[in-house]
Every structure is written in C-alpha cells, then in structure tokens.
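# sequence and predicted structure are below.
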Amino acid sequence: MDEVLENSYTVKTTGFEGPFALLLNLIESRKLFINEISLSQVTEDYIKHVNSLGNLHPAEISNFVVVAATLILIKSKSLLPNLNLTNEEESEIVDLEERLRLFELYSKLALHIKSNFGKNMIFAPLERKNTTLVFLPDDQITKESMMTFASEAVNKIPKKVFLPEVEVKKVISIEEMIDKMTLRMQSALQMNFKEFAGTAVTKEERVVVIVGFLAMLELVRQGIVNVVQNNNFEDLIIERQEAVEEIIIENI
Amino acid sequence: MNLEQKLEAILFFKGESISIKKLASILEVSEEEIKEALQNLKTNLENRGIILLEKENEVMLGTHPEMAGLIENLQKEELNKELSKSSLETLSIVLYKNGVSRSEIDYIRGVNSSFILRALSVRGLIEKSVDPKDTRKNIYKPTFELLSFMGVRNVEELPDYATVNTSISSEIEKLEEEINNEDQ
Amino acid sequence: MNLEQKLEAILFFKGESISIKKLASILEVSEEEIKEALQNLKTNLENRGIILLEKENEVMLGTHPEMAGLIENLQKEELNKELSKSSLETLSIVLYKNGVSRSEIDYIRGVNSSFILRALSVRGLIEKSVDPKDTRKNIYKPTFELLSFMGVRNVEELPDYATVNTSISSEIEKLEEEINNEDQ
C-alpha cells in the first residue's frame, strides 16, 4: 500500500497523469500541431521522460511504454523513408494521432469545467423537516437479510484497483519494448549497432541505446555521419567526419 | 435579479417558514422592501403551481391547495412502497456500522447515497444526528423502532455483528486513503 | 389547473429529481403531454428565482444560478469544489459525450480510469447506467449534482457543447467502431 501511495505521488509531481498529457505537453511546448512530423520530433524527449518515471507502478508505466513503441515507429519511418511498415503498424500510428487529438479536445473542454465548477451553483431545496413521525418498515428487513446485504456490500468493493483491465493484453516492460523495436529496425535495415551502443544491461542503459540509435539515424539523415555496413548482420561501422563528436553530444 | 426573484429562490431553498426580519437580514434590505417584494411575488405566483403562505411575520412557499389530494396520495405511495435493493443495502450498512457518515456509506457502496438516506429517514428507519467526534458532520443510526422490529435489543445482537462490523470499518479506512490519494 | 401548474406543484413537493414516466403516471397523461407541459413550465420560469433542471428523462427544480453566492451562505454543508487533473479530464469526457463507456474513457485518456470513475461516482458527480443502445454495456453519465455544480440547466448549456458535438460526432463514431472491432 505504501508503495502505491508513493508512486501516485510521483505522478503528481511530474505533472503528467498519462502518456497523452506528456506527449501533448511536449508538442505544445514547441508550438507544434499534432501530426507525424511533430510526433517524430518529440520522440527522444518522450522516451527520456518515460525513463525518469522509473519508480512508477508497472501498470502505469505500461501505459507510457505502449505509446513509446508507436512513437519509435513514427520516428523510424521519418528517418528511413524506405522502411516498410505493416498495415498494423500504419494503423497504430494513425490511431495514436487520433487519440491524441481527442485527448487534446477534451483537455481543452476540461478548462471550462475548471473555471465553472462550483462558481454559479444551482441548489436543490434543503431536506424538508419531518413533521409527522412515522415508522414504516418493510417485510424484507430481517436479521438474516440485513446480514447478507452488509456482507455482500463489503465483498463487492473492488480490490485490485490498479490492475489495468483495458491495456492488459498490451502490457510490456520498457526493456521488452526496446528489444522488440531494435529487432524490428535491425531486420528492416539488416544491421545491428552493438559497437555504437555498447553492452546495455540495465533498463537505463537500454534507453540510452534506443535514444542513441535514434540520434544516430538522425545524423545519418543529415549526412553528417556515414554508416558503412560491410556485410549484412555485421556491426555497423560509423565513420565520423570532422566535428561530429560535438554533434553527437548535442543530439543525444 | 430583482428582489422577488431572490425571495422566491430563498423560500424555495429553505422549504420552511422564515421570518420577514430574517429575509431582510439575508438580503440586506429593509423589512418594508421585503413586504413589498412579497406582494409582487404573490402576484407573480398567481396561476402557478406554488403559492405564498403567510402567517403573521413569517412566510413560506407551498403547493397550490387544489393539488392537496394528489400530493397526499403521492406522499402515501412514497411511504408505503417496497424498499429497493439499494435502500436495503444502505440500511444494512447503517445497522452494521452503527453511527456511520454519508461519505462512509458512499465509499462502501461506490455511489452517492443521499437520496436513499433521506427516504430511509422519512420512513423512520434511521435517524440523523451530529457526529460527537466532529460537530460539522452528521452520522446515521438505526432507530429503536427498527431494532425492535427486527427483534434485537441493540446492534450487537445482529448475526455476525463483530465480524461484519470490523470488515466494514477496515474497508472504510482503506478506501478513504485511496480515494483521497487519487483525487487530490 | 393546467398541466404545467400541476407539474410545478409536484416538482416543488418532491424537491428531488423525478422521471417523465413517473410524472405521466401520477398525472394520468401521456409522456408526450408531460414533455410539452415541461416546455411551457420552462418558459414560465424565465425571470423567476427557480429553474428547471433537465437530464434526458428526468427533471427537477433548483435555485437560479445567479443566486449561488447567497444560497451557499445559507447552506451549512461544506461543498467539495476541488477537482484533480484526472477528475477534470474524466468529467469533461462524461459531460461532453453525455453517456460514455469506461473503455471509451480509457481509450481517450490513455490510462485506466476505473478508480477515478469510482471516486467521481462516490462524490455523486457521475452515475453508471445501462447503455440504451446495448443493454449488456454500462455507460457513465453526468448527474444532476454535476449539472448543479456547473450551474447549467442541461448539458446543452455547457460552453461549446453544440460546436463540439456537431464537429466531433463523426470522428467519435469512427473511433467507436474501431474500439468495438478491437473488443471482438
């Protein structure tokens, strides 16, 4: 119980109730609109942020991870125009955009609620005073029935309130997600990037890997780094041009 | 809003008689102005379903006398109708957690119970009193009539009282903690 | 006495919400006639101190929103006006969609909403009912309490309600289809 309480507190302090609020904030802080381009631009920041949520409840983390996976798809697509996405992957992207737009709409409407709630209230009349004293029981009230009703009321109370019911089929850890995405990219590009990333063991290191990977792809796109691949499935050789080191630091 | 509209809102909200002096103090005008506005209100209420009842220096709103028969039937029907499942459930919680607040009942049931509690009070099954631990709060208890109707002298004589009472109390503690935490 | 006068008397007597069906049975007229009379009552109540609150098939009387400050001072019960971020998000979906399933709320918010829905139900701001379009499903709707807190007579009075509902209804239908497909 204590753990859950602490975790919920973490959500409050970071200020993001869920993945969409975080994503929307990243997009809006750059004064962008919701589309594939803006989503690909905020992917790194999003992943870094999710990584800092490390001590959240797993069920809450999984909400963020599911979205991270789609963002990485979008990012990869924008960096690698030749990358062929499956229909399922394409619809995941469209779906994320649509959900984000809906979330944005209701978040805006929520401002009306925030500013009007409790301001000009309508009141129902007060409880009328009971003038005539009556006692009108009902045959359904017996010792046994009351005991049953009371016990059932207690048993009905939901127990595991944090169990994610809707996203349960999609629950994966950030490590699994990154492994999956790495494999996906590797097979698409027929490459790996062990040398670039080193041996990542902990979750934090793996996040660095994926962020680094994305940064590298960005550099490739900009023509700053040449990635040479001698044979399929062999490590990438990254040829650094002048002043590349600085750029890598900036990008990561 | 003019004075008679304000008077109507206050009288409707209170639902009981209120003195002209009190109305003047609430609305921060003279008693003369109140009397004048009450006259206007009376005119406004002609051909309406509610009327202004006056007695010496007190006034209240009431239903039109022509509706008396219908209202009386409505009242009887309301009192004699069978208790719903939700009413029985609420009643059982009041019995097994003697001296329970509305919000505690709401926590257990997962829904707001105010209308049900009102109806149970009207039927004389439960009674509202001020919480001795916190005078701003109200708590509900079963009436003596209810206990004797059930054939017990006190709540402790109810079947499995100790067990059920303890589990209700511990659930209330847990739920309050969680809900306060979620809904900051 | 005409029908709207009778309706006003009954609503005044009840002091809480009542269904159109129930009103029709009390007054022994059709639901259509009740609906028509309620329209007239609404017109009659313009420029008065009380207003008619409407929610699908239920109605009730309440004080005019402009009287809020004054009435609040007369009320002893403390009002909880705090809303967390998750409460705001969830209430905005429930209010502007006026009837929405938990899975739709989860879909829009991207997080599990079962706990916040329970907290809002306990506060009496939303209520669960059976989806008229699919009786196997439950939907969440705003309560009169929520409309009262917002100071609106019905959901249509919410700021931007009309714009939002015409522009997004098609998009929402599309999404609902997708959700249903996912569920299968």
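Now that the structure is in, tell me what you want to look at. Numbering: from 1, shown residues only, chains lettered A, B, ... in the order given.
# alpha carbons only for contacts and neighbour counts from here, please
Fine.
# contact residues of the stretch 51-200 of chain A facing chain B?
By CA under 8 Å from any CA of the partner chain, the residues of the stretch 51-200 of chain A that approach chain B are A:123-130, A:133-138, A:140-144, A:146-147, A:149-151, A:153-154, A:157.
# same thing but 7 Å
The stretch 51-200 of chain A comes close to chain B at residues A:124-126, A:128, A:130, A:134-138, A:142-143, A:146-147, A:149-151, A:153-154, A:157, as judged by CA under 7 Å from any CA of the partner chain.
# residues contacting the residue of chain B positioned farthest from its centre?
Distance from the C-alpha centroid of chain B peaks at B:E32, with 33.0 Å (CA atoms, centre = their mean). By CA atoms under 7 Å, 6 or more residues apart in numbering or on different chains, the contact set of B:E32 is empty.
# tell me the pLDDT of it.
For B:E32, the pLDDT comes out at 96.
# over to the one 5 residues further on?
As predicted, B:A37 sits at a pLDDT of 96.
# that one: how many residues sit nearby?
19 (other CA atoms under 10 Å in any protein chain shown).
# so which helix or strand takes in residue 77?
Because you didn't say which chain, this covers chain A. Counting by DSSP states H and E, the element that carries A:K77 is helix A:58-79.
# not what I meant, chain B
helix B:68-80.
# go on, B:T135?
Applying DSSP H and E, one finds B:T135 in no helix or strand.
# would you map the strands across chain A?
A:225-228, A:237-240 (DSSP state E).
# err, chain B, not the other one
Counting by DSSP E, the strands of chain B are B:18-19, B:50-55, B:58-63, B:100-101, B:126-130, B:138-142.
# of those strands, which stretch is the most buried?
strand B:138-142 (a mean of 22; mean count of other CA atoms under 10 Å in any protein chain shown).
# tell me the helices and strands packed up against that strand.
helix B:85-96, strand B:100-101, strand B:126-130 (3 or more CA pairs under 7 Å, 6 or more residues apart in numbering or on different chains; DSSP states H and E).
# OK, contacts around the residue positioned nearest the centre of chain B?
Of all residues in chain B, the one closest to the mean position by CA atoms, centre = their mean is B:R118, 4.6 Å from it. With CA under 7 Å, 6+ apart as the criterion, no residue contacts B:R118.
# where's it relative to chain C, distance?
Distance check for B:R118 against chain C: by CA to the nearest CA, to the nearest Å, it reads 11 Å.
# okay, that residue: pLDDT?
pLDDT, read off for B:R118, is 89.
# same check on B:Q184?
pLDDT, B:Q184: 43.
# residues near B:L120, how many?
22.
# ok, it - contacts?
B:I126.
# please apply the same query to A:L39.
A:L71.
# go again using 6 Å as the cut-off
By CA atoms under 6 Å, 6 or more residues apart in numbering or on different chains, no residues touch A:L39.
# ok, B:I10 to chain A distance?
Relative to chain A, and taking CA to the nearest CA, B:I10 is found at 9 Å.
# measure the closest residue to that residue other than its chain neighbours to C:E58 for me?
Excluding the flanking residues, the one nearest B:I10 by CA to CA, 6 or more residues apart in numbering or on different chains is C:I71, at 6.9 Å. Distance of C:I71 to C:E58, given as CA to CA, to the nearest Å: 24 Å.
# same question, A:F149
Per CA to CA, A:F149 is found 29 Å from C:E58.
# surely B:A9 touches C:G49?
Yes - the pair B:A9 and C:G49 passes the contact test of CA atoms under 6 Å, sitting 4.6 Å apart.
# what about those two, which has more around it?
B:A9 (27 against 24).
# residue contacts, the more buried one?
C:G49, C:I50, C:T63.
# just send those back as a markdown table, with distance to chain A too.
A markdown table is the format used below for the contacts of B:A9 (distance: CA to the nearest CA, whole Å):
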| residue | distance to chain A |
| --- | --- |
| C:G49 | 11 |
| C:I50 | 9 |
| C:T63 | 5 |
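# which ones among those residues also lie next to chain B?
For chain B, the contacts drawn from the contacts of B:A9 by CA under 6 Å from any CA of the partner chain are C:G49, C:I50, C:T63.
# who is the second one paired with across the strands?
For C:I50, the beta-bridge partners are C:T63 (DSSP bridges).
# how about it, what does it touch?
C:I50 touches B:A9, C:G62, C:T63, C:H64, counting by CA under 6 Å, 6+ apart.
# burial count for residue 156?
In the absence of a named chain, chain A is used. The burial count for A:K156: 11, using other CA under 10 Å.
# actually chain B
B:E156 has 14 nearby residues by other CA under 10 Å.
# show me how far stretch B:150-162 is from its chain's centre.
On the basis of CA atoms, centre = their mean, to the nearest Å, stretch B:150-162 sits 27 Å off its chain's mean C-alpha point.
# what's the local residue count around the residue in chain A positioned nearest to chain B?
Closest residue of chain A to chain B, CA to the nearest CA: A:P125 (4.1 Å). Counted with other CA under 10 Å, residues neighbouring A:P125 total 21.
# ok, now B:E72?
Neighbours of B:E72 (other CA under 10 Å): 11.
# contacting residues for the residue of chain A closest to chain B?
B:F13, C:G15 are the contacts of A:P125 under CA under 6 Å, 6+ apart.
# how close does it sit to C:S113?
Taken as CA to CA, the span from A:P125 to C:S113 is 33 Å.
# what's the angle from the biggest helix by length in chain B to helix B:85-96?
The single longest helix within chain B, with elements called by DSSP state H, is helix B:161-182. Using axes from the mean of the first three to the mean of the last three CA atoms, to 10 degrees, the inter-axis angle of helix B:161-182 relative to helix B:85-96 is 110 degrees.
# run the chain-centre distance for helix B:161-182.
Using CA atoms, centre = their mean, the offset of helix B:161-182 from its chain centre is 25 Å.
# that'll do, ta.
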